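give me the fold of what follows.
(2 chains)
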Amino acid sequence: MSIDKSAILERLNPADSFTLAMDEEIRRDGLAGSLACYGLELANIPDIDALQQRIDEFGRRFPVARASLSQIGKRFYWCKRSDPPDLFFQHHCPTGADEAEFRHATLDRIMNEKQPRESVAPLEFHLLTGPSENVFLMRWLHPFCDARGADLIIKYLCTADAEQRQRFGHPETSPLVFEQLRKYRWWQKISLLLKGKRYIDRLDRLSSIQPLRHEQPPQRLEFAVRRLSEEQTERIVKLARQQVGLTGTSLYYIGCLMRALEKWRPDSPGEAYCVPYAFNLRKQRALSPVNGNHLSALFAQAPREVVKDRQKLFEHLKQQNAQVIRQQEDYAFLPLMWAGSWLSLAEYGKVLRLSYGSGRERSSFWFSDIGRLDLPADSFPGAEITDVFHACQVTSPPSLAFLNCIFRNRLTLSYNYIEPIADAEAIDALHRLMLAELLGETD
Amino acid sequence: MKKKLRDFIFQELVFVAEPNQFGDDDDLLEAGLDSMGIMRLIMYIENEFGVTLPDTEIEPDNVQSFNALERWILRHKNA
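Sure, this is the predicted structure:
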């Protein structure tokens, strides 16, 4: 198929290609692709005109938001569409309908609808309104942006001052993966690449524990959101500081979930829990770049015997993390992503997911610590933000992705799971164990 | 020393609209220095200034500001 090259807006960078390979893997597992969402629960119906105006403005400033993915040769590009999709959709709960069911069905459609990669919109905003619940949802396809970019887009919409909104996306830079790689000479890049390969080889010496039993084919993503009280959150933040220190907050959540899973399914096959997590290459508080993925990946791995001992586990994760950063193995993933972007999606997906030795899934679960959100509750046009939630699709296996963030001093946990491999009852049981771990109420 | 710390933090870790306006006692944690950033900063300090900063001393009091960082480094450099 010939493609008009003048339609090209942007080439996917290596980190975008990394997420695109995962999109392909999720689709191969029979699911909707690498879709993610950021939801805001609102106290009332917002100022729809103001919202529409800011969304339109965003679409004009960042045209990739309405582009389509096209493959030219081995590469993927964001291309202009002849008929760009709408960005904003409104859904109103019909009179007399059950509001919770309406919300669930609408979210299900948004997150689980299967559309070809070339036609799915990179970004959509949805407003769900009803007599007592109002939710504003941003749904994106992962090659379009990463979680930090999603946060920037929500902040853009929550910025009333037009001049302040102009600051988003400035200064313009080339993708940060390239910026970071540019700091190394060619031989240093090769050395980093080998370092990355050895890092993965080391992880693959232990087979990864799969806590969920994959006896049935995956059907759809479901997610359960749990919010903790301010008191619980304060206690957890303090415990995290004590256990893993200032430098490893995310490791506290990872370690707690490893332990909860071990208690939940102690007979799961495998030798160690292995958890990939991304870290962002943007400077903290930077307003640019907005779209695109600017990240690298790390793994937390802990053998089963270590997971059983809480103190030992956190010490192990902390040491492992320090070692990886000391050895620059975190940046070693960058040349690997660059090299991987030249592979076919199917080949790349295999490399990313499967252990070299066993050929089995490397990840025990997916994890993302979104951190403390600095989004003022009164910043959304015409409505107070009462709560937030996140969700994301995940490959199957591992069929489980855990996301956490803190908003208004309350920790929000999001368990994303694939049905029928896990169900609401199982996730409830897992959450009870996780909560006990987070609160340090275990031995 | 502070100039090097400022350059590293503002070029690599934290975005501040006007770095010159950021004082040596201003709060780096408030400005967005996060756990991963602190880790990178410590690796940078160890390489650049030839000191080893003990894990047990990684606490807000030591990383909160440029002045605090300088005091922490000097304590170990002179030890």
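
from here on, just use CA atoms for contacts and neighbour counts.
Will do.

mind exporting the lowest-mean-pLDDT helix or strand in chain B as CSV, just the C-alpha atoms?
Lowest on mean pLDDT, DSSP states H and E among the helices and strands of chain B sits helix B:35-49, with a mean of 90. This file holds the C-alpha atoms of helix B:35-49, laid out as CSV (Å, rounded to 0.1, in the frame of the first residue of the first chain):
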residue,chain,number,x,y,z
SER,B,35,13.0,9.0,44.8
MET,B,36,14.5,8.0,41.4
GLY,B,37,16.0,11.5,41.1
ILE,B,38,17.6,11.3,44.6
MET,B,39,19.1,8.0,43.6
ARG,B,40,20.6,9.4,40.5
LEU,B,41,21.8,12.5,42.4
ILE,B,42,23.6,10.3,44.9
MET,B,43,25.3,8.3,42.1
TYR,B,44,26.3,11.6,40.5
ILE,B,45,27.7,13.0,43.8
GLU,B,46,29.7,9.8,44.5
ASN,B,47,31.3,9.9,41.1
GLU,B,48,31.8,13.6,40.9
PHE,B,49,33.0,14.4,44.4
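
quick one: distance of it to the chain centre.
8 Å (CA atoms, centre = their mean, to the nearest Å).

just say helix, strand or coil for A:Ala302.
strand (DSSP: H, G, I helix; E, B strand; the rest coil).

need the per-residue pLDDT for the nearest residue to A:Leu157 once chain neighbours are set aside.
Using CA to CA, 6 or more residues apart in numbering or on different chains and skipping residues adjacent in sequence, the residue nearest A:Leu157 is A:Arg54, 5.9 Å away. The model reports A:Arg54 with a pLDDT of 98.

what of B:Gln11?
With respect to pLDDT, B:Gln11 scores 92.

which residues touch whatever residue of the stretch 1-150 of chain A ends up closest to chain B?
Going by CA to the nearest CA, chain B is nearest to A:Arg148 of the stretch 1-150 of chain A, at 13.4 Å. Applying CA atoms under 8 Å, 6 or more residues apart in numbering or on different chains, we find A:Arg148 in contact with A:Asn280.

now it: how far from A:Ser355?
29 Å (CA to CA, to the nearest Å).

cool, B:Lys2 as well?
45 Å.

ditto for A:Thr233
36 Å.

kindly report the same for A:Glu124.
35 Å.

nearest residue to the closest residue to chain B within the stretch 151-300 of chain A in space, please, no chain neighbours.
Nearest residue of the stretch 151-300 of chain A to chain B (CA to the nearest CA) works out as A:Thr247 at 4.0 Å. Leaving aside its sequence neighbours, A:Thr247 sits nearest to B:Ser35 (CA to CA, 6+ apart; 4.0 Å).

quick one: buried residues of the least confident helix or strand of chain B?
B:Ser35, B:Met36, B:Gly37, B:Ile38, B:Met39, B:Arg40, B:Leu41, B:Ile42, B:Met43, B:Tyr44, B:Ile45 (16 or more other CA atoms under 10 Å in any protein chain shown).

before we move on, what about stretch A:20-32?
A:Leu20, A:Ala21, A:Met22, A:Asp23, A:Glu24, A:Glu25, A:Ile26, A:Arg27, A:Asp29, A:Gly30, A:Leu31, A:Ala32.

which ones, among those, also lie beside chain B?
Of the residues in those, proximity to chain B by CA under 8 Å from any CA of the partner chain holds for none.

reformat those residues as CSV; add secondary structure and pLDDT.
Shown next, in CSV, are the buried residues of stretch A:20-32 (DSSP: H, G, I helix; E, B strand; the rest coil; pLDDT from 0 to 100):
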residue, secondary structure, pLDDT
A:Leu20, helix, 98
A:Ala21, helix, 97
A:Met22, helix, 97
A:Asp23, helix, 98
A:Glu24, helix, 97
A:Glu25, helix, 98
A:Ile26, helix, 98
A:Arg27, helix, 98
A:Asp29, coil, 96
A:Gly30, coil, 96
A:Leu31, coil, 98
A:Ala32, coil, 98
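
how about those residues, which pair is most distant?
Spanning the widest gap among those are A:Leu20 and A:Gly30, at 15.5 Å by CA to CA.

for chain A, what lies in contact range of chain B?
So chain A meets chain B at A:245-249, A:282-286, A:322, A:325-326 (CA under 8 Å from any CA).

next, the residue nearest the centre of chain B: phi, psi?
With distances taken as CA atoms, centre = their mean, the residue of chain B nearest its centroid is B:Leu69 (4.9 Å). The phi/psi pair for B:Leu69 (degrees, to the nearest 10) reads phi -60, psi -40.

check whether it really touches B:Asn62, as I assumed.
Yes - at 5.6 Å, B:Leu69 counts as touching B:Asn62 under the criterion of CA atoms under 8 Å.

dump the residue contacts of A:Ala422.
Applying CA under 8 Å, 6+ apart, the residues near A:Ala422 are A:Leu212, A:Ser399.

roughly how far apart are it and A:Phe223?
Noted for A:Ala422: a distance of 10 Å to A:Phe223, by CA to CA.

next: B:Asp34.
For B:Asp34, the distance to A:Phe223 - CA to CA - is 28 Å.

about what we covered before: contacts for the least confident helix or strand of chain B?
If you take CA under 8 Å, 6+ apart as the criterion, helix B:35-49 is touched by A:246-249, A:322, A:325-326, B:8-9, B:13, B:51-53, B:63, B:73, B:77.

biggest separation within these, which pair?
Farthest pair in those, by CA to CA: A:Thr249 and B:Lys77, 27.9 Å.

which one's more surrounded, these two?
Legend: neighbour count by other CA atoms under 10 Å in any protein chain shown for A:Thr249 and B:Lys77, higher for A:Thr249 (22 against 13).

in the chain, which spans are helices?
Defaulting to chain A. Ranges of helices within chain A are A:14-28, A:48-61, A:99-112, A:147-157, A:162-166, A:176-181, A:186-203, A:230-244, A:249-264, A:304-307, A:310-326, A:333-340, A:345-353, A:424-438, based on DSSP state H.

meant chain B, my bad for not saying
B:2-8, B:35-49, B:60-63, B:66-77.

any chance of these in a markdown table, plus distance to A:Leu107?
Listed next are those as a markdown table, based on distance: least, CA to CA, whole Å:
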| stretch | distance to A:Leu107 |
| --- | --- |
| helix B:2-8 | 43 |
| helix B:35-49 | 33 |
| helix B:60-63 | 41 |
| helix B:66-77 | 46 |
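
list the residues that contact the residue of the stretch 301-443 of chain A found nearest chain B.
Across the stretch 301-443 of chain A, no residue is closer to chain B than A:Arg326, which sits at 6.4 Å (CA to the nearest CA). The contact partners of A:Arg326, by CA under 8 Å, 6+ apart, come to B:Met43.

where does the chain have low pLDDT?
If you meant another chain, say so; for now it's chain A. A:1-3 (pLDDT under 70).

most distant residue from the centre of it?
A:Gly96 (35.4 Å).

neighbour count winner among B:Asp34 and A:Phe223?
A:Phe223 (23 against 20).

and the gap between the more buried one and A:Val394?
11 Å.

what touches both of those two?
Residues within reach of A:Phe223 and of A:Val394 at once, by CA under 8 Å, 6+ apart, are A:Asn416, A:Tyr417.

contact residues of chain B facing chain A?
B:12-16, B:31-40, B:43, B:58-60.

ok, now with 6 Å
B:Leu13, B:Val14, B:Phe15, B:Gly32, B:Ser35, B:Met36, B:Met39 (CA under 6 Å from any CA of the partner chain).

quick check: the farthest pair among those?
The most widely separated members of the residues of chain B next to chain A, counting by CA to CA, are B:Phe15 and B:Met39 (17.0 Å).

residue 56: neighbouring residues, count only.
All of this refers to chain A. Residues near A:Asp56, counting by other CA under 10 Å: 15.

that's the wrong chain, I wanted chain B
When neighbours are defined as other CA under 10 Å, B:Thr56 has 7 of them.

what do you get for A:Gly292?
When neighbours are counted by other CA under 10 Å, A:Gly292 registers 24.
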